[in-house]
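Asker: predicted model, plus sequence, below.
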Amino acid sequence: MTKDRICVGAIAGAFGVKGEVRLKSFCADPAAIADYAPLHTGDGARSFTVRITRTIPGGLAARLSGIASKEEADALRGTELFADRAKLPRLPDDEFYHADLIGLEVRDTGGALIGTVRAVHDHGAGDILEIFQPDARSILLLPFTRAIVPTVDLAAGRIIADPPREAEP
C-alpha cells in the first residue's frame, strides 16, 4: 500500500443475511468512515461506497456497493479498507496518522540509533510504538507520549525518543 492511502477500517464479517457487513472504523468519529469513500482494499483491486445503517456492538453495520449477500460479505472478513489521503482531514502539528510513523528511524536523545518503527498499536490506553532493533534482533515497545517521544520529524524521517531506563536489579 502506498502512502497516498490510509487504513481507516476493516471488515469484521457479515451482519445479517442481506449483504450488510460488520465494519470496524479506525476514525476518531467512527461514522465518518463513510465520508472518505470510495474505500479501497489493500491491493487496490476493489473499491466500495459505504452507507452506515446502524451502530452495533463493537462497530457499525454498513452496506458496501456491490455486496448483496451474506456470502459476499463473509468473504470480505478481515479486509482492511483504505481511503485516499487527500480525503482525510489535515491533522494538527502534534497528531499523526499511524501510516506516517511506520518506517521512521528512532534515535535516542543523544543521537544513537534505537531502531525503526515497525507498527503502532492502540489497545485503548494510548498508542504504543513497536520498534525493531536490528542489532538486538528484538523489538522495543514504547508508549507514544510526549514524555517518551518528544520529537517526531516526518520531513527528516525520524523520531527522537527518551525511553525509560531499565530498573536496577
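Answerer: All right, it came through fine. The structure presented is a predicted model; accordingly, all values stated were derived computationally and were not measured.
Asker: quickly list the domain ranges of this protein.
Answerer: 5-87, 98-161 (automatic domain parsing).
Asker: hey, least reliable of these by pLDDT?
Answerer: Lowest mean pLDDT of those: domain 98-161, a mean of 91.
Asker: centre of the chain to that one, how far?
Answerer: Distance of domain 98-161 from its chain centroid, counting by CA atoms, centre = their mean, to the nearest Å, is 15 Å.
Asker: give me whichever of the domains of the chain is most buried.
Answerer: Highest mean neighbour count among these (mean count of other CB atoms under 10 Å): domain 5-87, with a mean of 17. All C-beta spots, glycine's among them, are computed from the backbone N, C-alpha and C.
Asker: pretty sure Pro30 contacts Gly59?
Answerer: Yes. With contact defined as CB atoms under 8 Å, Pro30 and Gly59 form a contacting pair (7.4 Å).
Asker: packing partners of the lengthiest helix in the chain?
Answerer: If each helix of the chain is counted by residues according to DSSP state H, the longest one is helix 70-75. If you count contacts as 3 or more CB pairs under 8 Å, 6 or more residues apart in numbering; DSSP states H and E, helix 70-75 packs onto strand 5-15.
Asker: contacting residues around stretch 37-56?
Answerer: 1, 5, 7-9, 15, 20, 22-23, 30-31, 33-34, 60-67, 79-84 (CB atoms under 8 Å, 6 or more residues apart in numbering).
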